[in-house]
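A.B. asks: Curious how this folds, go ahead:
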Amino acid sequence: MSRTFFDQAERLKDRRHALRQGRLFVHLNGGKMSVDEMEKAFNWNMSSDNAFANINPEAHAPWGVVMKELLKTIQETSKAGIKAAERK
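C.D. replies: The predicted model follows:
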């Protein structure tokens, strides 16, 4: 899910940049231009892969594996503690 959010944030940043560049182009040309020039200036529909598009979701950082094991250990310890408390 976070990969999707980062991907979309990157795309929105690119579109915001394209809009600002297009606005500058229109301002510098005094608003006199053709539709083709405007499409090229705003570059709205251009999309490219970013660093977040091809991340392997199964890959983990070294600390990710440690955290997974820690959570598993805590869960098992708490279950054992509950069972011990029930026996008393």
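A.B. asks: so what does the lowest-mean-pLDDT helix or strand in the chain touch, helix or strand wise?
C.D. replies: The helix or strand of the chain with the lowest confidence, counting by mean pLDDT, DSSP states H and E, is helix 35-42 at a mean of 78. With contacts defined as 3 or more C-beta pairs under 8 Å, 6 or more residues apart in numbering; DSSP states H and E, the packing partners of helix 35-42 are helix 2-28. Yep, even glycine has a C-beta here, placed from its N, CA and C like the rest.
A.B. asks: Give me the mean pLDDT for the helix it packs on.
C.D. replies: Across helix 2-28, the average pLDDT comes to 81.
A.B. asks: Could you do stretch 64-71 as well?
C.D. replies: In this model, stretch 64-71 has an average pLDDT of 80.
A.B. asks: Quote the end-to-end distance of stretch 18-37.
C.D. replies: One end of stretch 18-37 to the other measures 14 Å (C-alpha to C-alpha, to the nearest Å).
A.B. asks: For that stretch, buried residues please.
C.D. replies: For stretch 18-37, the neighbour count (16 or more other C-beta atoms under 10 Å) marks Ala18, Gly22, Phe25, Val26 as buried.
A.B. asks: ditto for stretch 79-88
C.D. replies: Buried, per 16+ other C-beta under 10 Å, within stretch 79-88: nothing.
A.B. asks: burial count for Asp14?
C.D. replies: Per other C-beta atoms under 10 Å, the neighbour tally for Asp14 reads 16.
A.B. asks: Quick check: the gap between it and Asn43.
C.D. replies: Remark: distance between Asp14 and Asn43 (C-beta to C-beta, to the nearest Å) = 9 Å.
A.B. asks: just Arg23 next, same as before
C.D. replies: According to C-beta to C-beta, Arg23 and Asn43 sit 12 Å apart.
A.B. asks: Please apply the same query to Phe25.
C.D. replies: From Phe25 over to Asn43 (counting by C-beta to C-beta), the distance is 10 Å.
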